[in-house]
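[1] I would like to see how this sequence folds:
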Amino acid sequence: MNPWFALAGAIILEVSGTISMKLSDGFTKLVPSVLIFVFYAASFAILTLALKKIDIGIAYAIWAGVGTALIAVIGVLYFKEPYSIMKGVSIFLIIAGVVGLNLSGLKH
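    Purely as a prediction, here's the structure:
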C-alpha cells in the first residue's frame, strides 16, 4: 500500500471520528458514540502502516495538521460555527506549517 494513500485514509478516518464526537452530543447518542472509537482505532491502525515508509515527525504533523484544518473548515461549513479572518489566517498557517515541515524532510 502506498504510504501517502494510507496517510490520507488515516486523516479521513480521524476527521470522521472527530465529526462523530460532535454528533454524539456528549455520548448521549449511541451510534456516533460508538463510531468515535471505530474511526479513531482505524485511523491509528492505518497511520501505523504509513509510518513504515514516512518519517514519524512528517506523518504525524500532516495527520494532525490537515485533520485540524479540515475539522475547522467543516465546523464553519457544516456545523455553522462562526468564521473570522483570524480563524481563516490560522487555518492557512496550519497548512503552511505542514507544507514547510514536509519540505524540510526532503532528502537531497
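[2] nearest residue to the most centrally placed residue in the chain other than its sequence neighbours?
    Nearest to the geometric centre of the chain sits G67, at 1.9 Å (CA atoms, centre = their mean). Spatial nearest neighbour of G67, chain neighbours left out: E14 (4.7 Å); criterion: CB to CB, 6 or more residues apart in numbering. Every residue, glycine included, has its C-beta placed from N, CA and C.
[3] which stretch of helix or strand covers the one you found?
    In this assignment (DSSP states H and E), E14 forms part of helix 3-23.
[4] gap between that helix and the chain center?
    6 Å (CA atoms, centre = their mean, to the nearest Å).
[5] enumerate every residue touching A6.
    A6 is in contact with I46, L47, L49, A50, counting by CB atoms under 8 Å, 6 or more residues apart in numbering.
[6] average pLDDT for the helix or strand harbouring the second one?
    Going back to what we said before, that points to L47. Remark: L47 resides in helix 30-50, with elements defined by DSSP H and E. Across helix 30-50, pLDDT averages out at 98.
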